[in-house]
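Trainee: This is a predicted model, with the sequence first.
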Protein chains: 2
Amino acid sequence: MTTVTLAQVAAKAGVSTATVSMVLRNRGRISQATRERVLLALDESGYVYNQTAANLRNRSSNQVGLLLHDITNPFYGEMTAGLSHEMERHEMLLFLANSEESEERQQKFVDSLMRNSACGMVLCAARGTPQAFFDGLKRRNIPAIMVVRPLDDPDFDFVGTDNFLGSQMATAHLLKLGHRNIAFIGGSLNSGTRAQRIGGFTSKLLEHGVAPKPEWIVASQASQSDGARVAEALFKHYPQITAAVCYQDIVALGVMQTLRKAGREPGRDFALVGFDDITEAALVQPALTTVSVAAKEIGRKAGELLFSRIQGNSEPPKRIILPPALVVRESCGFANHAFY
Amino acid sequence: MTTVTLAQVAAKAGVSTATVSMVLRNRGRISQATRERVLLALDESGYVYNQTAANLRNRSSNQVGLLLHDITNPFYGEMTAGLSHEMERHEMLLFLANSEESEERQQKFVDSLMRNSACGMVLCAARGTPQAFFDGLKRRNIPAIMVVRPLDDPDFDFVGTDNFLGSQMATAHLLKLGHRNIAFIGGSLNSGTRAQRIGGFTSKLLEHGVAPKPEWIVASQASQSDGARVAEALFKHYPQITAAVCYQDIVALGVMQTLRKAGREPGRDFALVGFDDITEAALVQPALTTVSVAAKEIGRKAGELLFSRIQGNSEPPKRIILPPALVVRESCGFANHAFY
DNA sequence: TTGTAAGCGTTATCAG
DNA sequence: CTGATAACGCTTACAA
């Protein structure tokens, strides 16, 4: 496997490397005749452009990183698809890493990106990442967009959704349907996203004169089984609960199981709203009413913003908050008198 | 942002670049004294290794590509996690691309990998990829591991599961339970994976003296709703069917819906086996008996094999076929007298 | 044990 | 419009 170089193509075409380079990149003025000669030589030689050499020379690159904490979560799968699509449009390559919430792996990935002179990155930082990590990133001076997990450092661009508003919409929906005994199920205790969603939940309850009960706000892991487990304990103590806002769709699916096991049919005997609008939400029976946060769109927007930063856009840091939408399906009953 | 180079570190430490390079890579014999001096200079200067320059010089790289057709499919999410983890162990970076079944995007990604001198790749090729694509890949002479979708080209390494055997296990299970009128539901018509699974299905039927009925083998898209739709038509024509092997778990979930709609309870009036063992399989009611294919393990194994190829392992192409396992749950009745 | 210097394959500057 | 040639930052014979 001999690699064909520009010089070899140039020799073959009887021109200089400078000329070949210019033809390749459509720069400068090249006569039609030589251009064709070069193109032919290029074609015949089976030349493959060496991006590494170009990057070294240009002190630049076309590679960006994406750091997630859990790629197996369908939400992040969607987001990755959106970002990947956007990067592809710009002929950029996407490095992927999965921190699995390990701060060490996260740091290693970022270091690796620096060594490989990536030109930017999109991060959904591991839970509990210390400020030092972000400070280090700033010192590096490389475009970095934070996504999904809210961050209070105002120096970074951020793309996410309005958790507060989404949760308010879900809660308002249940209230309009007449529910008063509403629980909030799911999320981990130290999650900022969860804090925002709980904020939306309780504020909307209060707005309607309903006092939030702390005992009815329970955490769970991001899995169907843990959602089911947690809901079981909750409903045993408080059978008067008739509705719930769930932190995530997968948790809502678990809650559905628990309800059925107790002989209560979701959508008839109990109203349930989820969060995320994952694919399964539309497919399950009854179809899950949920707050859609457009994961793909977050990926796309993050990609767009990252690209503009790479291009040199130096406006002050932005916070792009995508509006959530309430997707009314069947899990709160077949009522369709919700106007918001 | 001035980039610190080896030369600058060398100057600072009062040694040559060769010395710094050797210290950095723990090569050659360096006296303890100078090593320490260099380490100090390295530290004080905030030096960042330039992998690009090293790669150019070495005509190598530490970057591999992963091409999928649908990253939003949970199965591939799992697989990606397995591969990513394995690559990380070897300090390699992973490029990700999502072909969305587009042959053009797939080709673009591979070309891009070549330009960036990736040192290997893992591919789950788009459906209907022409042989020319694979031939082109061979000419490139770069380690490439195919995964999941069976390929009849014997020149490539392959990691996947034994669809034939898995399907046989599922079918045998139903036969042992006494079923004779068994359908096969799901998969797209031009899928090689499906062909293998159908092969296992029919061969096992024949082994037990049951003639496979072509009308009872129906295709569907990879969604719960289409599984439901397809099953509905099937059961209307052939109410005598009492069991089914499904191409995928999600299809099986759709079939469950259809059964219930017709007043038949899965696990009691009808026996159902799925394929994939997705998370939902364990959680649905009745829990789905299914063939497990260990997506994460496929990713891990593919990574392992790729790494060995990159290291120069030139044994003939391998086919790593991970053994499927029948996970008996409740959707075929609560019988537990299956011994295989 | 350490230094010198010639590449790796591009790009860009400057002549011609 | 085209050609020489000096970088880009690192590695590695080969010298010293």
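Mentor: Received, thanks. Values in this document were obtained by computation on a predicted structure and should not be read as measured data.
Trainee: how many neighbours does the residue in the stretch 151-300 of chain A that chain B sits nearest to have?
Mentor: The nearest approach of the stretch 151-300 of chain A to chain B comes at A:Leu283, 4.0 Å away (C-beta to the nearest C-beta). (Each C-beta comes from the backbone N, C-alpha and C, glycine too.) Neighbour count for A:Leu283, taken as other C-beta atoms under 10 Å in any protein chain shown: 20.
Trainee: Then A:Cys246?
Mentor: Count around A:Cys246 with other C-beta under 10 Å applied: 31.
Trainee: and it, bridged to which residues?
Mentor: Going by DSSP bridges, A:Cys246 is paired in beta bridges with A:Ile185.
Trainee: Same question for A:Met121.
Mentor: Here A:Met121, judged by DSSP bridges, has bridge partners A:Gly65, A:Ala144.
Trainee: quick one, what contacts A:Gly267?
Mentor: Counting by C-beta atoms under 8 Å, 6 or more residues apart in numbering or on different chains, A:Gly267 makes contact with A:Pro286, A:Glu330, A:Ser331, A:Cys332, A:Gly333, A:Phe334.
Trainee: go again using 6 Å as the cut-off
Mentor: A:Pro286, A:Glu330, A:Ser331, A:Gly333 (C-beta atoms under 6 Å, 6 or more residues apart in numbering or on different chains).
Trainee: Excluding sequence neighbours, find me the nearest residue to it.
Mentor: Spatially, and ignoring its direct neighbours in sequence, A:Gly267 is nearest to A:Pro286 (3.8 Å; C-beta to C-beta, 6 or more residues apart in numbering or on different chains).
Trainee: Hmm, the one you found is touching A:Ser331, no?
Mentor: Yes. The criterion here is C-beta atoms under 6 Å, and A:Pro286 meets it with A:Ser331 at 5.1 Å.
Trainee: Neighbour count: those two, which is higher?
Mentor: A:Ser331 (28 against 17).
Trainee: Pick out the residue in the stretch 101-250 of chain A sitting closest to DNA strand C.
Mentor: In the stretch 101-250 of chain A, the residue found nearest to DNA strand C is A:Ser117; the distance is 13.3 Å by C-beta to the nearest atom of the strand.
Trainee: What about that residue, how many residues nearby?
Mentor: Residues near A:Ser117, counting by other C-beta under 10 Å, number 19.
Trainee: how far away is it from B:Ala54?
Mentor: 11 Å (C-beta to C-beta, to the nearest Å).
Trainee: A:Ala13 too?
Mentor: 31 Å.
Trainee: Compare neighbour counts for these two and give me the winner.
Mentor: When A:Ala13 and B:Ala54 are compared for neighbours, A:Ala13 comes out ahead with 22 against 19, by other C-beta under 10 Å.
Trainee: can you pull out the helices in chain A?
Mentor: Counting by DSSP state H, chain A has helices at residues A:6-13, A:17-25, A:32-45, A:51-58, A:74-89, A:103-115, A:131-140, A:163-176, A:192-207, A:224-237, A:249-261, A:279-283, A:295-310.
Trainee: Would the last one count as contacting chain B?
Mentor: Spelled out, that is helix A:295-310. No. Contact of helix A:295-310 with chain B (C-beta under 6 Å from any C-beta of the partner chain) is absent, the minimum separation being 8.3 Å.
Trainee: which strands and helices sit next to that helix?
Mentor: The contact analysis (3 or more C-beta pairs under 6 Å, 6 or more residues apart in numbering or on different chains; DSSP states H and E) places helix A:295-310 against helix A:74-89, strand A:120-123, strand A:144-147, strand A:157-161.
Trainee: Throw the ones you listed into a markdown table and include mean neighbour count and mean pLDDT, thanks.
Mentor: Below are these laid out as a markdown table (neighbours: other C-beta atoms under 10 Å in any protein chain shown; pLDDT from 0 to 100):
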| stretch | mean neighbour count | mean pLDDT |
| --- | --- | --- |
| helix A:74-89 | 23 | 94 |
| strand A:120-123 | 26 | 98 |
| strand A:144-147 | 26 | 97 |
| strand A:157-161 | 24 | 96 |
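Trainee: Rebuild those as a markdown table, extending it with distance to B:Ser31.
Mentor: What follows is the helices and strands packed on helix A:295-310, written out as a markdown table (distance: least, C-beta to C-beta, whole Å):
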| stretch | distance to B:Ser31 |
| --- | --- |
| helix A:74-89 | 47 |
| strand A:120-123 | 39 |
| strand A:144-147 | 40 |
| strand A:157-161 | 48 |
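Trainee: sorry, back to before: could you pull up the residues touching the nearest residue to the residue of the stretch 151-300 of chain A closest to chain B once chain neighbours are set aside?
Mentor: Using C-beta to C-beta, 6+ apart and skipping the chain neighbours, the partner closest in space to A:Leu283 is B:Gln224 (4.0 Å). Each residue near B:Gln224 by C-beta under 6 Å, 6+ apart is listed here: A:Leu283, B:Ile250, B:Leu253, B:Gly254.
Trainee: closest to A:Glu304 among those residues?
Mentor: Set against A:Glu304, the nearest of the contacts of B:Gln224 by C-beta to C-beta is A:Leu283 (30.1 Å).
Trainee: How many residues are close by A:Ile310?
Mentor: 18.
Trainee: repeat for the one 5 residues further on
Mentor: Neighbours of A:Glu315 under the rule other C-beta under 10 Å: 8.
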